[in-house]
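>>> What would the 3D arrangement of this be:
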Amino acid sequence: MTDVRVPTLGESVTEATVATWFKQPGDSINIDEMLCELETDKVTVEVPSPVAGIMGEIIAQEGTVVSMDALLTTIGEGTTKKSTDKAKDTSKKENEVGTISRTEINVPTLGESVSEATVATWFKRVGDEVKQDEMVCELETDKVSVEVPSPVSGFLEEIPSDKKRTFISLFLEYLDIIPPHPKTSSSGWEAIIKIFESEIN
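Next up, the predicted model:
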């Protein structure tokens, strides 16, 4: 615990009035950060913190007349709960972002000598929740119709097919699936869907 006292005020000046407190008990303080302002008949003096830490109780309230070297407040060690919560929240968000992975759903093998298929129907749209093994779309060729299942559970993120909705190659066209994110709102998904619809219409 470090005491913060009234500094030297000037020649022949022995008293000052606490005019303003810039900080309050519990606030996080940096070294040399101004804590309060003192006024005398001759000068106005700002009082800095000698250390970093947490501000303790205000001993001399605003309007109090204090003498030189009188105790104003104290600075304790540590960080505020607010600062700690903020650090935890930042760490949590970083962890959430770090756990997101994407799974490509490629066009399956369509049959001997078949290299192209047309996307006939989408059973899911961008933003929809998808279960593992749930069918996401149906492909058609001259010979067969193929339903394409999702290999994982998550949300349908993107459908990067062209406006003709034709798969040109077995590997260039795919869907993206991302795991459910607890903070993704329904309005956010609706906005994504509208953007996609404007691109394909």
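
>>> Give me the buried positions along the host helix or strand of Leu156.
Under the criterion of DSSP states H and E, Leu156 resides in strand 154-158. For strand 154-158, the buried set under the neighbour-count rule, 16 or more other CB atoms under 10 Å, comprises 154-157. C-beta: built from backbone N, CA, C; applies to glycine.

>>> Point out where this protein drops to low pLDDT.
Residues of the chain meeting the criterion pLDDT under 70: 79-101, 160-201.

>>> Tell me how it divides into domains.
2-81, 103-200 (automatic domain parsing).

>>> show me what contacts Val65?
15-17 (CB atoms under 8 Å, 6 or more residues apart in numbering).

>>> Run through the bridge partners of it.
Thr17 (DSSP bridges).

>>> I'd like the buried residues of strand 154-158 as CSV, with distance to Val136 appended.
Shown next, in CSV, are the buried residues of strand 154-158 (distance: CB to CB, whole Å):
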residue, distance to Val136
Gly154, 11
Phe155, 11
Leu156, 7
Glu157, 12
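
>>> Sort out which one of these lies nearest Leu110 for me.
Checking the buried residues of strand 154-158 against Leu110 with CB to CB, the nearest one is Leu156 at 21.8 Å.

>>> I'd say the closest one and Gly127 touch.
Yes. With contact defined as CB atoms under 8 Å, Leu156 counts as touching Gly127 (6.6 Å).

>>> hmm, who's touching stretch 11-25?
Here stretch 11-25 has contacts from 6, 9, 29, 33-45, 55-58, 60-68, 72-73, using CB under 8 Å, 6+ apart.

>>> what's around Lys143, how many residues?
Burial of Lys143 is recorded as 11 neighbouring residues (other CB atoms under 10 Å).
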